[in-house]
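Undergrad: okay, predicted coordinates and the sequence, questions at the end:
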Amino acid sequence: VLLFAHWNGCIQYLVAQIDSWDDFARDSAWIDRAGVRDGMSDWQRWSWCFYHSVLQLLGTSEGLVRPEREAEMWCYTFAISLGTVLNAVFLGSLTAVFAEAGAAKRQYRMFMEELAMYTEHRGIPQE
């Protein structure tokens, strides 16, 4: 999930940069509205973009700001959809792990019961 959050944050930053190349649209990109572009170090910009991406991937919100441009809307939609799929895969995998643990326990109990029946049938002491 962290890798996808990193990629998503970088892609959304790139899309905002490309989408605001013309001077007319420069102040309307999400990075400008959120105050992420100017006066920040690379680490600070990456941190805010990563945070923005994690909010979308976890489905808690649209991110730092609402989308106002078409490219932003599509990026947000993709990120929220990807986050939903990743959450479903994670929960499905976790459920499968717990289900398998229960099956192994049942199989062990069944084996021990069969062993007890066999030893009783053959007259082998239980010690």
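TA: Right, received. Where do you want to start? Numbers count the residues shown, from 1 in each chain.
Undergrad: contacts, neighbours, all on C-alpha from now
TA: OK.
Undergrad: count the neighbours of residue 116 for me.
TA: When neighbours are defined as other Cα atoms under 10 Å, residue 116 has 14 of them.
Undergrad: oops, could you answer that again for residue 69 instead?
TA: By other Cα under 10 Å, neighbour count at residue 69 equals 14.
Undergrad: which residue, other than its chain neighbours, is closest to it?
TA: Leaving aside its chain neighbours, residue 69 sits nearest to residue 29 (7.4 Å; criterion: Cα to Cα, 6 or more residues apart in numbering).
Undergrad: show me what counts as buried in stretch 74-91.
TA: By 16 or more other Cα atoms under 10 Å, the buried positions in stretch 74-91 come out as 75, 76, 79, 80, 81, 82, 83, 84, 86, 87.
Undergrad: related to what we said a few turns ago, just checking, the residue nearest to residue 69 touches residue 16?
TA: Yes: using Cα atoms under 8 Å, residue 29 makes contact with residue 16 at a distance of 5.6 Å.
Undergrad: ok, back up a step: contacting residues around the residue nearest to residue 69?
TA: 16, 17, 19, 20, 68, 69 (Cα atoms under 8 Å, 6 or more residues apart in numbering).
Undergrad: out of those, what pair is the most spread apart?
TA: 17 and 68 (14.5 Å; Cα to Cα).
Undergrad: so the two - more neighbours on which side?
TA: The neighbour comparison of residue 17 against residue 68 (other Cα under 10 Å) goes to residue 17, with 17 against 12.
Undergrad: hmm, who's touching whichever strand or helix holds the more buried one?
TA: According to DSSP states H and E, residue 17 maps onto helix 2-19. Identification of contacts with helix 2-19 by Cα under 8 Å, 6+ apart yields 25, 29-31, 46, 49-54, 57, 71-72, 75, 79.
Undergrad: then stretch 58-76?
TA: By Cα under 8 Å, 6+ apart, stretch 58-76 touches 12, 15-16, 19, 28-30, 33-34, 51-56, 80, 83-84, 87.
Undergrad: swap in 6 Å and give it another go.
TA: Contact with stretch 58-76 is made by 52, 55, 56, 80, 83, as judged by Cα atoms under 6 Å, 6 or more residues apart in numbering.
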